[in-house]
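J.: Below is the sequence, then the predicted model.
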Amino acid sequence: MIQGTGSHVGKTILVAGLCRVFARRGLKVAPFKAQNMALNSFVTRQGEEIGRATAVQAFAARQEPLVHMNPVLLKPKSDITSQLILHGHAVEDVTAKDYFVAAKLQARRTEAVRQSIAFLKERFDLIIAEGAGSCAEPNLRQPDIANMGAAHLLGAKVYIAADIDMGGVFAQLLGSMQILELVSPSDLPLVRGFLINKFRGDLEILKPAIDFLEQHTGRRVLGVLPYLHDLALEEEDRIRPRPGPRNDPRDGPADARDIRIGVVYLPHISNANDFDFLAAEPGVDVHFLKSARDLEGLDALILPGTKNTTGDLALMRQYGLAQAIEKLAGRTPILGVCGGYQMLGRMLNDPQCLESEHGSMPGLGLLDFAVTFGPRKVLVQRTYEPAPGNPFAEAGRVTGYEIHAGVVGPHGLAPLYTHEGGTDGARHPNLPIWGAFIHDLFRNPRFTRAFVNELRRRQNLAPLQGPLADPQARANQAMDRLADVLEAHAGDLIRDVAGA
């Protein structure tokens, strides 16, 4: 189990890399995160919702993502409330006090974790688990199922990772061990050693500090990993900094201008990684925006998914962003995805306040339909065929998944796609305004190219002709590179995991 001195020290990436290391050795490996709090999620083939990062780790392990790899998922809806998902299905909205204090809820989530561990142990050779946040939080140790609580249930070897790039790495590691000793001494025997992540510099200069840490903790530093600048893997729940626009020489000389696409950074944005492959297209600049003034000079605007459609739309109105988007209609192409698609409608019906305390409200009114929110959540993977008149029909069939509670009511608009259960999406009869529920739409390389070329056509730019991106190949290359780095710089940890 990889635990950390805090959030964003690299636990997710390290687990993915270790999954690939041992998968390459022929083992059947399962990633595991007992409890995750994230807005980036994934729908399994069985129609169950798990954290997106766990799904990426499963792909690294060359396994199908399963709900038992992430039995507890919390999706924040506000500063104090989250939707609790157990074994892939929403149970209820909970406050932090509900979640950590209520005995009945504690027992229920612990039992879910126990069941998933038993399931994985029966079917896999090795479980590589990921902790959450800091491993040493005195106030959370008693109800913990994410870090040491999960480690005891697993009977896991624990390795604590820290990020040297943020500074204070030795204080983080030594302090974490001292808190563990003070709060729950029975946790200490599980800790086998440390990983120092994101190092740049001369290892010889670091050695005296490593010796100091090992002397005062009785644990070894089992790996010092270099800072990897351009590892093409998805972030767990943050927005990845975007590189500047680029042009592929095979697409001819660079144009005088690039295609600029803005994605609205909603307060409860979900699945922001939907746009990673759009940003990889030659000459495309994708950036996230928060204010009305950022809308100037865009060639397209995207409204992404959100865990709180009505609440986020209310905030957009409060700050004038919604009104500015309404004025773009007809001048700038607009695409809505999932919750962003729902916002495009004329009415959001939420009489039970299931989305937020705002209840029902008008939508942006850019597409003529109403949305009704209910307790049932649509969770499904699908294959979609372009409907007649789809402006991106040249891309052909696409695959993706849906996660939404709101249902678009009957309307007279032409759909974007058809599937075995009906239709999905809608398009304005006269203006470049489109919407769909489909997550991972831009992981379909032909769709991404068709979308970009539609925008280029509108700017009188030549279409891109270069090779299409290969998302699966790119992810595999990144995983293998990460595994190579771990083999080279954390060999002691790998040998300890293997029992050598």
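T.: Thanks, I have the structure now.
J.: Please work out how many residues are found near P143.
T.: As a burial measure, P143 scores 17 neighbours (other CB atoms under 10 Å). From N, CA and C alone the C-beta is placed, and that goes for glycine too.
J.: if I pick it, what's in contact with it?
T.: Applying CB atoms under 8 Å, 6 or more residues apart in numbering to P143 gives the contacts 100-101, 106, 149.
J.: Can you add neighbour count and give these back as CSV?
T.: Output for the contacts of P143, formatted as CSV (neighbours: other CB atoms under 10 Å):
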residue, neighbour count
F100, 15
V101, 12
Q106, 15
G149, 21
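J.: isn't L367 right up against G345?
T.: Yes: the pair L367 and G345 qualifies as a contact (CB atoms under 8 Å) at a distance of 5.6 Å.
J.: so what sits against both of the two?
T.: Joint contacts of L367 and G345 (CB under 8 Å, 6+ apart) do not exist.
J.: picking up where we left off before, tell me which of the contacts of P143 is nearest to S184?
T.: The closest of the contacts of P143 to S184 turns out to be G149 (CB to CB; 9.5 Å).
J.: quick check, that closest one in a strand?
T.: No: going by DSSP: H, G, I helix; E, B strand; the rest coil, the assignment for G149 is helix, not a strand.
J.: Q57: which of the contacts of P143 is nearest?
T.: G149 (20.2 Å).
J.: roughly how far apart are the closest one and P375?
T.: Distance from G149 to P375, counting by CB to CB, to the nearest Å: 30 Å.
J.: Same check on N271?
T.: Going from N271 to P375 by CB to CB gives 21 Å.
J.: Between these two, which is the more surrounded one?
T.: Shown here are N271 and P375; by other CB under 10 Å, N271 has more neighbours (25 against 8).
J.: how close does the more buried one sit to Y401?
T.: Distance from N271 to Y401, by CB to CB: 10 Å.
J.: and what of G283?
T.: 29 Å.
J.: between the two, who's got more neighbours?
T.: Between G283 and Y401, counting by other CB under 10 Å, Y401 is the more crowded of the two (22 against 19).
J.: Remind me what the helix or strand encompassing M479 packs against, helices and strands.
T.: For M479, the host element (DSSP states H and E) is helix 471-489. When contacts are defined as 3 or more CB pairs under 8 Å, 6 or more residues apart in numbering; DSSP states H and E, helix 471-489 packs onto helix 11-23, helix 52-60, strand 220-226, helix 491-498.
J.: mind redoing it with 6 Å?
T.: With contacts taken as 3 or more CB pairs under 6 Å, 6 or more residues apart in numbering; DSSP states H and E, helix 471-489 sits against helix 11-23.
J.: Please write out the alpha-carbon positions of the helix it packs on in CSV.
T.: What follows is helix 11-23, C-alpha atoms only, in CSV (Å, rounded to 0.1, in the frame of the first residue of the first chain):
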residue,chain,number,x,y,z
LYS,A,11,0.4,8.2,-4.7
THR,A,12,-1.9,7.7,-7.7
ILE,A,13,0.9,7.7,-10.2
LEU,A,14,3.1,5.5,-8.1
VAL,A,15,0.3,2.8,-7.7
ALA,A,16,-0.3,2.9,-11.4
GLY,A,17,3.4,2.4,-12.1
LEU,A,18,3.7,-0.4,-9.7
CYS,A,19,0.7,-2.1,-11.2
ARG,A,20,2.4,-2.0,-14.6
VAL,A,21,5.7,-3.2,-13.1
PHE,A,22,4.1,-6.4,-11.7
ALA,A,23,1.7,-6.9,-14.6
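J.: That's all I had, so thanks and see you.
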